[in-house]
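> Can you look at this prediction? I've put the sequence above it.
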Amino acid sequence: MNEQILLTPGPTPIPPESLAEEAKPIIHHRTKEFGDIFQEAQVNLQYIFQTQEKVFTLTSSGTGGMECAVVNLISPGMKVIVASIGAFGERWIKILSAFGANVVPVRAEWGYAVKPAELSEALAKNPDAKIIFSTLTDTSTAVACDIKAYGEITAKSNVILVVDAISGLGGQEVHMDDWGVDALVSASQKGLMAAPGLGFISFSKKAWPFVLEAKAPRFYWDIRTIEKAFHNSETPFTPAISLLRATNASMRIIKKMTMPAVWKQARDLAKYTRDYGKSLDLELFPKDPCDVLTSFNVPQGVDGKKIVQDILDKYNISIAGGQEKLAGKVVRIAHMGFIQRNEIEKGMKALGEFLKAQKVVAAAS
């Protein structure tokens, strides 16, 4: 069988250079050898985050990074606003609620972004709100938020802006420092082109008083402990050494390309995918689409779950179906990280063949 083609929004394909790094013998993490890996990762991550602040590496999924942000910034009862554009905005709400935050949700209809004016209105109605939480790109809806505009809103106040860039970083344009993002969260398995298992988080100087004053329970995620170890090029707990090596290899590729070129590549692949979908008479689901993946409405009468399974079984190509209330209603094609245009072409061709066969079946019945 041919090697599987991954067109899913995480995990994504991994470059050969990164796979080779994962295969190297393990080393001890309290050594200069690991310190060199750690320091390279810091430089690479600062470039990709577009920040001068420290970027902390966590042994976790992206959701672990989200929880790390929450426990280091909130106290029980604190009022926060969440701009929710899909399943991962709702995840912010679930995590914040679990730690006792007083959550004010600002929900957009799925397929749309929360408009900056809606956030400004929410802040005006809730002047005691301390933090805004958002997503850069929500893979459940394939929508992008206007983070630059959100940052312009919070820059005028003492409110801080926290952004989940787990799926967007390394594909969707974002500038942590220049856009006024006060905490940015990401992970290894999407635009950073590595295996799942690493989370990343950075805090602005404006956010650090929140870190020092937060009263939410924290131990493993306590960024104060992580920051102390950082000065020795270490982590306080055992790191995922092989994953960090591999992610460095992937980040070298990104740095060589440059971030502007990476962002342009994602935009170009998005246009290619959407133009191909239009040729198949597929309707784009999001009204405010992101650059890192595309979501198409499933034609009426077609089982979206069957599309995903049949394309995997017949072609060994993985595309994504819909999540939660979009289950069976959309299919999603990623174009982030190491995903190549020829792979997208194969995936879209397989999708077209499936839909053609379905029309034949429908006509026969």
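Now that the structure is in, tell me what you want to look at.

> ok, residue 120 touching residue 153?
Yes. Counting by Cβ atoms under 8 Å, residue 120 does reach residue 153; the two are 5.6 Å apart. In this view, the C-beta of every residue, glycine as well, is placed from N, C-alpha and C.

> more crowded one of the two?
The residue with more neighbours, out of residue 120 and residue 153 and counting by other Cβ atoms under 10 Å, is residue 153; that gives 18 against 15.

> Touching, that one and residue 118? I think so.
No. Taking Cβ under 8 Å as the definition, residue 153 is not a contact partner of residue 118, at 10.4 Å.

> Might you report the residue contacts of residue 17?
249, 250, 252, 253 (Cβ atoms under 8 Å, 6 or more residues apart in numbering).

> The closest residue to the third one other than its chain neighbours in helix, strand or coil?
Think residue 252. Distances taken as Cβ to Cβ, 6 or more residues apart in numbering place residue 44 nearest to residue 252, at 7.1 Å, with adjacent residues excluded. Assigned state for residue 44: helix (three-state reduction, DSSP: H, G, I helix; E, B strand; the rest coil).

> Compute the distance between residue 44 and residue 273, please.
Residue 44 sits 28 Å away from residue 273 when distances are taken as Cβ to Cβ, to the nearest Å.

> From the neighbour counts alone, determine which of the two ranks first.
Relative neighbour count places residue 273 above the other of residue 44 and residue 273, with 24 against 20, counting by other Cβ under 10 Å.

> which strand residues sit across from the closest residue to that one other than its chain neighbours in the sheet?
The shortest distance from residue 273 to any residue that is not its chain neighbour, by Cβ to Cβ, 6+ apart, is 4.6 Å, and that residue is residue 294. Using DSSP bridges, the beta-bridge partners of residue 294 come out as residue 333.

> give the contact list for residue 294.
Residues in contact with residue 294, defined by Cβ under 8 Å, 6+ apart, are 142, 270, 273, 274, 277, 284, 332, 333, 335.

> If you rank the residues you listed by neighbours, which is first?
Highest neighbour count within the contacts of residue 294: residue 142, with 32 neighbours (other Cβ under 10 Å).

> pLDDT score for the closest residue in space to that one that isn't next to it in sequence?
With Cβ to Cβ, 6+ apart as the criterion, residue 142 has its nearest non-adjacent residue at 3.7 Å, and that residue is residue 295. Among the per-residue scores, residue 295 shows a pLDDT of 98.

> likewise residue 302?
In this model, residue 302 carries a pLDDT of 91.

> Which residues are in contact with it?
355, 358.

> before we move on, what SS does it have?
Under the three-state scheme (three-state DSSP), residue 302 adopts coil.

> Next, find the distance separating the nearest residue to residue 289 once chain neighbours are set aside from residue 159.
Taking Cβ to Cβ, 6+ apart as the measure, residue 289 lies nearest to residue 142, with 5.8 Å between them; neighbours along the chain are not counted. The spacing between residue 142 and residue 159, counted by Cβ to Cβ, is 28 Å.

> now residue 221
Distance from residue 221 to residue 159, counting by Cβ to Cβ: 22 Å.

> doesn't residue 307 make contact with residue 321?
Yes. When contacts are counted by Cβ under 8 Å, residue 321 is listed as touching residue 307 (7.3 Å).

> list the residues that contact both of those two?
Contact with both residue 321 and residue 307 is made by residues residue 331, according to Cβ under 8 Å, 6+ apart.

> The two: who's more crowded?
Between residue 321 and residue 307, residue 307 has the larger neighbour count (other Cβ under 10 Å), namely 23 against 20.

> quick one: contacts for the more buried one?
Taking Cβ under 8 Å, 6+ apart, we find residue 307 in contact with 298, 319, 321, 331, 351, 354.
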